[in-house]
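Novice: For reference, the sequence and a predicted model appear below.
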Amino acid sequence: MIVGAVVGVAQTSVKRMLAYSSIAHGGYLLVALLAANDIGKGAVLFYLLVYAITNVGAFGVIALLENADRPNDQIRDYAGLWSEHPALAALMTIFLLSLGGFPPMAGFIAKWYVFSAAIKAGYTMLAIIGVLTSERRHQSWLHDLGDRRRPDERHLGVLLSAHRGHDVHDA
């Protein structure tokens, strides 16, 4: 959980970010398994379902956008996606928000379920660590939106920014 959160946020490659995120998600699943109560059992199943749908969806969007000329591997490659492919941009946004555990997405509900199972089983400190690693990932993702973009994209989200290569004021 901690390793995936710390290493994942340092990535500029979308695929690597999702791969390291998988390590963190595996940690959250282990928390639910460790709880070994009825809530934990349900949390594991719900979390796996949500994670599978959102992760396959995110990689599906990446696969649809990739071609030999444009690999779309770096975070900055998604600048202007809303202008070029609004439906895919909306889907990718939903998938990433859910994977990140932002309310009211299914990923948030799944994590809530996992942490509730841990607290009920007496693993309050583990639940706190899980919440903190999840929150750290949120801060890093939001920070990345401001720092890893070109100056002309800083005031807009990567998926909602202007066409690639154009200044926002010229678009």
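Specialist: In hand now; what should we look at?
Novice: The helix ranked longest in the chain: how far from the chain's middle?
Specialist: Of all segments of type helix in the chain, defined using DSSP state H, the longest is helix 38-65. Computed by C-alpha atoms, centre = their mean, to the nearest Å, the separation of helix 38-65 from the middle of its chain amounts to 11 Å.
Novice: same thing with stretch 74-83?
Specialist: With C-alpha atoms, centre = their mean, you get 16 Å for stretch 74-83.
Novice: cool, stretch 121-130 as well?
Specialist: For stretch 121-130, the separation from the chain centroid amounts to 22 Å (computed by C-alpha atoms, centre = their mean).
Novice: could we number from 30 for the rest of this?
Specialist: From this message on, residue numbering opens at 30, which makes the last subject stretch 150-159.
Novice: quick check: mean pLDDT across that stretch?
Specialist: In this model, stretch 150-159 carries a mean pLDDT of 92.
Novice: Just the C-alpha atoms of it, please, in PDB.
Specialist: Provided in PDB are the C-alpha atoms of stretch 150-159 (Å, rounded to 0.1, in the frame of the first residue of the first chain):
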ATOM      1  CA  ALA A 150     -11.700  -5.900  13.400                       C
ATOM      2  CA  GLY A 151      -9.500  -3.700  15.600                       C
ATOM      3  CA  TYR A 152      -7.000  -2.600  13.000                       C
ATOM      4  CA  THR A 153      -7.700   1.100  13.300                       C
ATOM      5  CA  MET A 154      -4.000   2.100  12.800                       C
ATOM      6  CA  LEU A 155      -3.900   0.100   9.600                       C
ATOM      7  CA  ALA A 156      -7.000   1.800   8.400                       C
ATOM      8  CA  ILE A 157      -5.500   5.200   9.200                       C
ATOM      9  CA  ILE A 158      -2.300   4.300   7.300                       C
ATOM     10  CA  GLY A 159      -4.600   3.300   4.400                       C
END
